[in-house]
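> Below: sequence and its predicted model.
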Amino acid sequence: MSQKPSHSIPLNTVLGERYKVTGTTHETPEGDSILEGKDQVLNRKVSIVVAAPEHHDRLIKNARTMATNARSTIQVLDLGNANGLTYLVTSHSRPEPLVDNLLVDSSMLAATSETQEALGQEIFGDEAPSRGSYTAGAAGAAAASPISATRAADAAPAAEDQDFADYSEYEDYPEERDFDDEDDDERRGSVWIVALAAILLLAAGVAAVFANLGGMVDRDASQEEAANLGGASSSASPSQSPSESPSASPSPTEEEKPEPKFGTVTRLVPSNQGFMADQDRTLGQMTDGNDSTAWMSYGFATSNFGGAAETVGLAYELEEKTTVSELTINQTSGSGGAFTVFTNDSASLDGATEVGSGSFTGEETKVELDQEKQGEGAQYVIVEFTEAPSLSQPIAGYNFGLRINEVSASN
């Protein structure tokens with residue numbers, strides 16, 4: 001069979017504003033390419049899989065299967081489109097497993113993945129993670145961490161225990177020494193020396209206690225004398241005004257509110273509760289303080305989330321209940337869209353109070369929030385997206401979606 005011309009991306013091209021193409025390592029007979037790349041943020045090597053146009057859907061489906069497979073040793077980092085070609089960025093890997101896992105028929109990969117999950121459950125007793133039922137859109141932004149490394153680490157202590165089991169305990173003790181009368185005399189002398197030192201220390205401690213007690217008596221006498229003099233002065237001048245009352249303590253409303261800091265994040269899609277559930281593993285990357293990590297939604301052909309959901313909400317839990325005056329959202333390549341900000345005491349839109357709204361105008365968007373509506377404060381800040389922003393860097397070839405790096409608040 002003749003080899004088809006390969007489809008690749010030029011050297012030094014930067015994908016997703018982060019991954020630079022540095023070389024080509026493998027080309028398949030069907031026109032696919034495996035490229036070498038560099039993560040310019042974390043300064044590490046990555047692999048880039050570029051699918052031939054006719055394998056576009058195959059790469060996306062296989063990437064989704066891999067991202068939801070907890071036992072995969074290949075981590076999915078980014079999925080996008082460049083020069084009309086679909087590419088997938090993964091952790092640095094040899095070309096063979098990338099071809100076998102990402103460029104084969106998707107039904108074969110799914111069957112292999114299910115077999116591995118069943119085998120893992122039978123051997124290790126753990127249950128496979130649930131898969132999202134929604135199949136349209138982009139693959140997951142990141143795969144679960146490889147489980148093989150942790151299992152190898154857990155197995156190491158067991159191997160060491162086996163090695164120690166080969167030796168009997170308490171071997172080769174030195175023979176006990178027989179003490180003669182001379183040793184007894186030496187020990188008795190040492191005991192008397194220790195006892196004498198203890199008596200001297202005790203005497204010094206008693207002396208210090210009595211000295212402190214004497215000082216306390218002198219201070220009490222001085223205070224009593226001063227009080228008597230003060231009383232006489234007061235009786236001699238009855239017309240003098242009483243001393244000023246102590247300053248009033250600040251009222252509860254004047255006390256400073258805790259600085260808002262986000263912890264856990266919850267996805268809220270009331271009209272389709274399971275929608276994008278397979279992306280939940282990266283929700284915490286929006287509050288980890290690292291702008292180079294992100295939570296990414298599916299890619300959509302339209303701004304109404306492809307008609308799969310009416311709205312998409314993200315509930316950010318505050319570590320302490322407080323009020324929030326400003327919300328800051330850092331995101332990548334999105335513009336426009338629309339969102340509304342609510343506060344509530346639970347991760348729900350039911351009973352929530354609207355405190356602000358906005359849309360994306362750049363990488364950093366700040367929204368002023370109404371503090372008066374928040375009363376004594378709230379436990380959650382909820383951002384409900386009613387319209388997805390357009391993307392200058394499409395997700396899996398789709399021009400609408402969310403790629404949020406960091407969310408923070410201030411009061």
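It's in.
> which SSE is residue 342 in?
strand 334-344 (DSSP states H and E).
> So which other helices or strands are in contact with that strand?
Applying 3 or more CB pairs under 8 Å, 6 or more residues apart in numbering; DSSP states H and E, one finds that strand 334-344 contacts strand 353-360, strand 378-387, strand 390-395. Just so you know, the C-beta spots here come from the backbone N, C-alpha and C atoms, and that holds for glycine as well.
> hmm, which helix or strand of this protein has the shakiest average pLDDT?
Counting by mean pLDDT, DSSP states H and E, the chain has its least confident helix or strand at helix 147-165, which shows a mean of 40.
> Wait, residue 377 touches residue 322, no?
Yes - with contacts counted by CB atoms under 8 Å, residue 377 reaches residue 322, the gap being 4.6 Å.
> got any residues that touch both of these two?
When CB atoms under 8 Å, 6 or more residues apart in numbering defines a contact, the residues bordering residue 377 and residue 322 alike are residue 257.
> Quick one: the strands in the stretch 1-150 of the chain, in order.
Taking DSSP state E, counting those that start in this stretch as the test, the strands found in the stretch 1-150 of the chain are 14-15, 19-27, 33-39, 44-50, 76-82, 85-91.
> can you list contacts of the second one?
Strand 19-27 is touched from outside by 6, 8-15, 33-40, 46-48, 77-78, 89, 95, 98-99, with contacts defined as CB under 8 Å, 6+ apart.
> Not counting its neighbours along the chain, what's nearest residue 329?
Distances taken as CB to CB, 6 or more residues apart in numbering put residue 365 closest to residue 329, at 4.8 Å, once the chain neighbours are dropped.
> tally of neighbours for the one you found?
19 (other CB atoms under 10 Å).
> That one against residue 328, yeah?
Yes - using CB under 8 Å, residue 365 is in contact with residue 328, at 7.3 Å.
> Mind listing what's buried along the strand holding residue 342?
If you call a residue buried by 16 or more other CB atoms under 10 Å, then strand 334-344 has these buried ones: 334, 337, 338, 339, 340, 341, 342, 343, 344.
> what residue ranges in this structure score low on pLDDT?
Residue ranges of the chain with pLDDT under 70: 1-7, 70, 106-191, 205-255.
> okay, now the domains of it?
Annotated domains of the chain cover 14-148, 262-410 [automatic domain parsing].
> and of these, who's closest to residue 200?
domain 262-410 (54.6 Å; CB to CB).
> Just the terminal-to-terminal distance for that closest one.
Start-to-end span of domain 262-410 (CA to CA, to the nearest Å) is 10 Å.
> out of the contacts of strand 19-27, which are buried?
6, 8-9, 13, 15, 33-39, 46-48, 77-78, 89, 95, 98-99.
> Check which helix or strand the residue nearest to residue 329 maps to.
strand 364-368.
> How about residue 195?
Using DSSP H and E, residue 195 falls in helix 181-236.
> strand partners of the next helix or strand after that helix, parallel vs antiparallel please.
Along the chain past helix 181-236, the next helix or strand (assigned with DSSP H and E) turns out to be strand 262-268. Here strand 262-268 is paired, per DSSP bridges, with strand 312-322 (antiparallel).
> Taking strand 378-387 as reference, get the angle to the helix or strand following the partner strand.
Remark: after strand 312-322, the chain's next helix or strand is strand 326-331, criterion DSSP H and E. Angle, strand 326-331 to strand 378-387, by axes from the mean of the first three to the mean of the last three CA atoms, to 10 degrees: 50 degrees.
> Which strands or helices does strand 326-331 pack on?
strand 353-360, strand 364-368, strand 378-387, strand 403-410.
> Who does it pair with, and is each partner parallel or antiparallel?
Strand 326-331 has these strand partners (DSSP bridges): strand 364-368 (antiparallel), strand 403-410 (antiparallel).
> ok, and what's touching it?
291, 294, 341, 356, 360, 363-369, 381, 383, 389, 402-411.
> Can you give me the buried ones in that strand?
327, 329, 330, 331.
> would JSON lines of those residues with distance to residue 21 be doable?
Putting those into JSON lines (distance: CB to CB, whole Å) gives the following:
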{"residue": "327", "distance to residue 21": "37"}
{"residue": "329", "distance to residue 21": "30"}
{"residue": "330", "distance to residue 21": "26"}
{"residue": "331", "distance to residue 21": "24"}
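> which of those residues sit farthest apart?
327 and 331 (12.7 Å).
> burial count for residue 386?
17.
> quick one: it and residue 340 touch, right?
Yes - between residue 386 and residue 340 there is a contact under CB under 8 Å: 6.6 Å.
> sorry, back to before: if we only consider the buried residues of strand 334-344, which is nearest to residue 302?
Once CB to CB is applied, the member of the buried residues of strand 334-344 that ends up nearest residue 302 is residue 337, at 12.0 Å.
> What distance do you get for the closest one to residue 80?
19 Å (CB to CB, to the nearest Å).
> Excluding residues flanking it in the chain, which one is nearest residue 288?
Per CB to CB, 6+ apart, closest to residue 288 is residue 406, 7.9 Å.
> Could you double-check that that neighbour lies in contact with residue 290?
Yes - under the criterion of CB under 8 Å, residue 406 makes contact with residue 290 at 7.4 Å.
> Mutual contacts of the two, please.
With CB under 8 Å, 6+ apart, residue 406 and residue 290 have no common neighbours.
> The two: who's more crowded?
Neighbours were counted for residue 406 and for residue 290 using other CB under 10 Å; residue 406 has more, 21 against 12.
> that older thread, could you pull up the residues touching the residue nearest to residue 329?
328, 329, 330, 331, 358, 359.
> which of these lies closest to residue 73?
Distances from residue 73 to those, taken as CB to CB, are shortest for residue 331 (30.2 Å).
> hey, what's that closest one bridged with?
residue 404.
> any idea how far it is from residue 307?
Taking CB to CB, one finds residue 331 at 23 Å from residue 307.
> circling back to that earlier point, would you turn the helices and strands packed on strand 326-331 into JSON lines with distance to residue 59?
Shown next, in JSON lines, are the helices and strands packed on strand 326-331 (distance: least, CB to CB, whole Å):
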{"stretch": "strand 353-360", "distance to residue 59": "28"}
{"stretch": "strand 364-368", "distance to residue 59": "32"}
{"stretch": "strand 378-387", "distance to residue 59": "27"}
{"stretch": "strand 403-410", "distance to residue 59": "19"}
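> Can you say which of those strands is packed in most?
strand 378-387 (a mean of 21; mean count of other CB atoms under 10 Å).
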